[in-house]
Each structure stands twice: as structure tokens, then as C-alpha cells.
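After the sequence you'll find the predicted model.
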Amino acid sequence: MLTKSTKAADWNTIKQKIKEDTFIKSVTDFNKDDIPSNVKTFISREYLQNKDKFDTEKIMKASKAAGPLAVWLEALITYSEIFHSIAPLRAELNELESEEARMVNEKNALDDKIANLEISIKSLEDEYGALIA
């Protein structure tokens with residue numbers, strides 16, 4: 001099972017995890033949108049920034065399963081950084097969409113009021129015309 005832990009794992013533990021029956025499911029079900037920032041920092045510091053320990057070419061040669069996982073991990077951390085950096089923009093977008101819906105409703109109400117006033121004006125004009133005649 002994949003975890004969002006800041007505890008370093010040794011190669012034997014990693015190989016053991018990869019061989020577990022539930023490993024592929026844990027990778028496919030992994031919630032990429034909820035990686036704590038301390039875990040991202042730990043992974044970046046301990047692995048991704050240390051090319052002596054985390055060389056994807058060496059990992060690919062060492063294990064056909066671990067190689068693609070190393071590439072996936074790099075992509076996952078990059079995705080998570082982008083996902084969290086645009087969170088304020090998503091919140092602002094949601095706010096603007098709510099405001100848009102409110103303003104559309106207000107516009108529709110005002111359009112209805114204008115239509116009713118135009119009908120009233122037309123009626124008053126007709127009445128005025130009849131009185132003048």
C-alpha cells in the first residue's frame with residue numbers, strides 16, 4: 001500500500017511492497033490531489049533532488065517495475081505542486097461562477113420588470129390616446 005509518509009524506505013522494503021498483490025491497485029487508487037506538503041518536501045529533498053540516490057536511468061536498469069514508478073513519482077510531485085499552486089485560482093473561479101449565476105438571475109428579474117413596465121407604458125399610451133381622441 002502506498003502511503004503519504006515521511007519515513008524513508010530501503011530497497012528491500014520497496015521490492016517487497018512492489019511484489020504485493022495490492023500494489024497495482026494502491027498505485028491506481030492513489031489520491032494525487034491530497035499529498036501533504038511535508039511529504040512532498042521530504043520526497044523532493046530525500047529523493048528527487050539527490051540524483052546520486054534517485055537516478056531514473058539506474059532505477060530503470062535495476063527494476064522494470066521500479067523504473068516507471070520513479071518516473072511516475074516525479075510526475076506526481078510536479079502535478080501536486082501545480083495542483084496546489086492553482087488552488088487560489090480555482091477558488092476564485094468558483095466565486096466568479098457563483099457571482100455570474102447571481103447576476104444572470106438578477107438580469108432575468110430586471111428583464112422581466114422592464115417587459116412589465118413596457119406593457120404598462122403601452123397600456124397607458126393607449127389610454128392616453130383614447131382620452132385625447
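Noted; the coordinates are in hand.

Spell out, range by range, the helices that occur in this protein.
Listed in chain order, the helices of the chain (DSSP state H) span residues 11-19, 23-28, 37-43, 56-62, 66-85, 87-132.

how far away is residue 105 from residue 115?
As for residue 105, its distance to residue 115 is 16 Å (criterion: CB to CB, to the nearest Å). (Each C-beta comes from the backbone N, C-alpha and C, glycine too.)

Just give me the neighbour total for residue 69.
19 (other CB atoms under 10 Å).

Which residues are in contact with residue 70?
Counting by CB atoms under 8 Å, 6 or more residues apart in numbering, residue 70 makes contact with 54, 56, 59, 60.

Show the pLDDT at the last one.
This means residue 60. Reading off the confidence values, residue 60 has pLDDT 89.

Equivalent analysis for the first one, please.
Residue 54 carries a pLDDT score of 86 in this model.

which residues touch the residue nearest to it when sequence neighbours are not counted?
Taking CB to CB, 6 or more residues apart in numbering, and ignoring the residues beside it in sequence, residue 54 has residue 47 as its nearest neighbour in space, at 4.2 Å. The neighbourhood of residue 47, defined by CB under 8 Å, 6+ apart, consists of 53, 54, 73.

Mind picking the one among the residues you listed that's closest to residue 98?
Here the nearest of the contacts of residue 47 to residue 98, counting by CB to CB, is residue 73; it sits at 36.6 Å.

Residue 78 versus the closest residue to that closest one other than its chain neighbours, what's the distance?
Counting by CB to CB, 6+ apart, residue 43 is the residue found nearest to residue 73 once chain neighbours are left out, at 7.0 Å. Taking CB to CB as the criterion, residue 43 is separated from residue 78 by 11 Å.

With residue 96 instead?
Between residue 96 and residue 78 the computed distance is 27 Å (CB to CB).

Check residue 70 too.
Where residue 78 is concerned, residue 70 sits at a distance of 13 Å (CB to CB).
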